[in-house]
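Participant: Have a look; sequence and predicted model below, questions after that.
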Amino acid sequence: MRLQPIIALIGIGIAASATTLEIVKRLNVQVPMQDGVRLAANIFLPAETGRFPTILVRTPYNKGSDLLPNFRLFLEHGYAMVVEDARGRYESEGIFDPFGQEPKDGNDTLNWIAHQPWSDGKIGMLGGSYLGIVQWKAALLNNPHLKAIAPVVSGSDDYRDRYYSTGGAMQLGHRLLWISENLRAPGFVPLDFSSYVRTLPLRRADLAATGQRSDIFQKALDHPAYDAFWRAMSAREHIDQIHVPVFSVGGWYDCFVESDLAAFSALRRSSSVHRIVIGPWPHNMSVKFANADFGKDSGAPIRRMQIEWFDQWLKSKDTPIMSSPPAHIFVMGANRWRDEQEWPPTRAKMTSFYFASRGAANTLEGSGSLGDRPSRRSQAERFEFDPANPVPTSGGATCCNPKLFAWGPMDQRPVERRPDVLVFSTPPVREDLEVIGPVRVVLYAATSAPDTDFTAKLVDVFPDGEARNLTDGILRLRYRDSLEKPQLAVPGQIYELNIDAGVTSNVFLKGHRVRLEISSSNFPRFDRNPNTGRPIADETVLRKADQIIYHDRQHPSRMILPVIPN
C-alpha cells in the first residue's frame, strides 16, 4: 500500500497545529552512500538558526515535495525533519532491494545527517509499515547518532511477518497486493485482485500482478523455509544486538502485531526502557471498521507520545511516557485500555478448551463443542480440502488495501456454513471471560496427502449470533517440526500439531460464546497448499485431500487460551 495516507494519520489524538510556522525547506538534497549511490532527501528546519535534533523518515512511497501536516508538530517542538526516498525509489538512485539495502543505507544517512551544520548529532527515526521496517534495520548497526526509534505497525522479521507466516504458509494476498500497487510495470493494468492471486504456478503470479518479473517475489519463492537467507536479515533474530530505545505501536487486526509484541518482550529482557501500544486497529489505525465499533476511547494520542519519546532520548527531558507502565494495550469486548508490565501477562492462566462433537462438527449447524476436559468417546471429524475451492478469507489481520482485501472484524457465519469448516463452540459463558496473550491450538490430525495445511481461527460469538473473528493462524504440515527443516508427511499417520493462532486481547462478555474454526485454507490471506508435496512455487496441479481430526482421550485436540483471572 502507498503509505503516505498512513503517515499522515497515525498521530491519533493530536490535531495538526493551526499556527503558521516558518520553516526552511531544502528539497531533493543528494545524500551520498558509501557505494556512490545518491539518495534524495527533503530537509525541513525551523526558521531560527542553530543546531537541532533530527527526526528521520525513510520511505519507498515517495517523499513528495512538502511536509505532511502531522510532521509539522515536530518542527514546532524544535526538531529538524529529514524525509528520504529509499534506494531505487522516486528521486533516489540505485536499484530497489529491500532484502539487502536498508541497514547500510540507513546507517549512511544517519552519519550524513550528524555531520550537517544544522544537526546537533542526535537523531530519532519515525514511521509506519515499511517506514518502521527500515528503523529496525538501522538499529541493528547501533549507529552512535541514533538515539531512539518509533516503528509503527512494522514487525521485525521478514519471513514470519511479511512473506510467510509462523506456520510456513505464504502471506500471498499481502505480498501480491503490495507489489502490484508499488512495483507495477509502467502502463500495466493488472487483472483484478481476486484473479491474480489464483495464478498458477505461483512463480508467475508476479507477472499477473505487476506485468513484470519481481526479484523480490522470486527470492521469497526461492526460500520457502526459514533458512540462512532470512535469518541474516531478521531484526528479531538479532534482537540482542539492538541497544537503542524502541517505542513501537501496533494493532490487534494488523498482520505485524504478533511480531511487534515478540520484539518488545525480547527487548524488555535486557532493558526496561522500551515501550509499546497496541490498539483495536488494522494496518492503518485511522480507518474505521465497517462492522465493529470499539468505542470512543479506542484511539490513543500516539503523536503526543512520540514527541514525548523523542524529547526523552534526543533532548534529555523527563517525560510522562517513561513514568507510565511499559505496555499500553486495548482490551476489546470490554473496550477499555489496560496497562501491563510485561508481554504476555504472567498472571494469565493457560486454559484448555477441548474439542467434542455428537457426530460431525462440520458447518455452523454441526455438533462441535468446546469443553473443559477431553471426550471419553468421540468420533473423528472428517472433511475434504479442495485447494481449487478454498475457504475464503473473511477479514482478519490482512494488508494493505481494505477496498480490495477486507481487513478487521467481520461476521464469520458465511464461512462457517461451508462443509470444509469445523466449528467448535462453548455454551454461553456465565461470566466475563478475559483472554489476553498468545492463542495456541493442539490438533491431532491425519491426511491423505504428503503435505497439506491446517488452519485455526478464534471467534467471539455474540448473543444475536454474530461471529466476530479475533485472530487466526495456519500450519503447513511439512513444517510441523520446524520452519527450518521441512519434512513431508506419511498419508494416514496421526500427527500432533501445534498451530500458532496469533495474539489477542478480548473479553468474551457474559452470554457470548467462545468459538474455534478448523479448516485447511484461509485464502488469499495464505497461499493454497496443492497437497502434492512438491515445491509449491512451481506446482500447477491441485489435488484434493481427505482430512481427519481426532479428539478423544488419546488424542486431546484442544485450543489453549491465556485467561486472565477475575
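Facilitator: Great, that's in hand.

Participant: name the helices or strands packed onto the strand or helix carrying Ala209?
Facilitator: Ala209 is part of helix 205-210 when elements are defined by DSSP states H and E. Judged by 3 or more CB pairs under 8 Å, 6 or more residues apart in numbering; DSSP states H and E, helix 205-210 is in contact with helix 172-182, helix 193-196, helix 215-222. Bear in mind the C-beta positions are built from the backbone N, C-alpha and C, glycine included.

Participant: now this protein, which segments are flagged as low pLDDT?
Facilitator: Along the chain, the model assigns pLDDT under 70 to residues 1-20.

Participant: tally of neighbours for the closest residue to Ser378 other than its chain neighbours?
Facilitator: In space, and not counting its chain neighbours, Ser378 is closest to Asp552: 4.6 Å by CB to CB, 6 or more residues apart in numbering. Counted by other CB atoms under 10 Å, the residues lying close to Asp552 total 18.

Participant: Wait, Asp552 touches Ser357, no?
Facilitator: No. With contact defined as CB atoms under 8 Å, Asp552 does not reach Ser357; the gap is 10.8 Å.

Participant: Common neighbours of these two, please.
Facilitator: Ser378 (CB atoms under 8 Å, 6 or more residues apart in numbering).

Participant: So what's the residue count around Ile113?
Facilitator: For Ile113, the neighbour count with other CB under 10 Å is 23.

Participant: Now it: which helix or strand?
Facilitator: Counting by DSSP H and E, Ile113 is part of helix 102-114.

Participant: residues making contact with that helix?
Facilitator: Counting by CB under 8 Å, 6+ apart, helix 102-114 makes contact with 31-34, 39, 41, 54, 56, 58, 82, 84, 86-87, 119, 121, 123, 125, 133-135, 137-138, 140-141, 143, 145-146, all of which sit outside it.

Participant: and it, how far from the chain's centre?
Facilitator: Chain-centre distance of helix 102-114: 26 Å, with CA atoms, centre = their mean, to the nearest Å.

Participant: cool, stretch 419-433 as well?
Facilitator: 26 Å.

Participant: in it, what counts as buried?
Facilitator: Asp420, Val421, Leu422, Val423, Phe424, Ser425, Thr426, Val429, Leu433 (16 or more other CB atoms under 10 Å).

Participant: mind putting these in JSON lines, distance to Thr447 included?
Facilitator: Listed next are the buried residues of stretch 419-433 as JSON lines, based on distance: CB to CB, whole Å:
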{"residue": "Asp420", "distance to Thr447": "13"}
{"residue": "Val421", "distance to Thr447": "16"}
{"residue": "Leu422", "distance to Thr447": "14"}
{"residue": "Val423", "distance to Thr447": "20"}
{"residue": "Phe424", "distance to Thr447": "19"}
{"residue": "Ser425", "distance to Thr447": "25"}
{"residue": "Thr426", "distance to Thr447": "27"}
{"residue": "Val429", "distance to Thr447": "33"}
{"residue": "Leu433", "distance to Thr447": "33"}
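
Participant: ok, back up a step: what's the PyMOL syntax to select whichever of the contacts of helix 102-114 are buried?
Facilitator: Once 16+ other CB under 10 Å is used to decide burial, the buried members of these can be selected in PyMOL as follows:
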select buried, resi 31+33+39+41+54+56+58+82+84+86+87+119+121+123+125+133+134+135+137+138+140+143+145+146
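
Participant: Inside strands: which ones of the contacts of helix 102-114?
Facilitator: 31-32, 39, 41, 54, 56, 58, 82, 84, 119, 121, 123, 125, 146 (DSSP state E).
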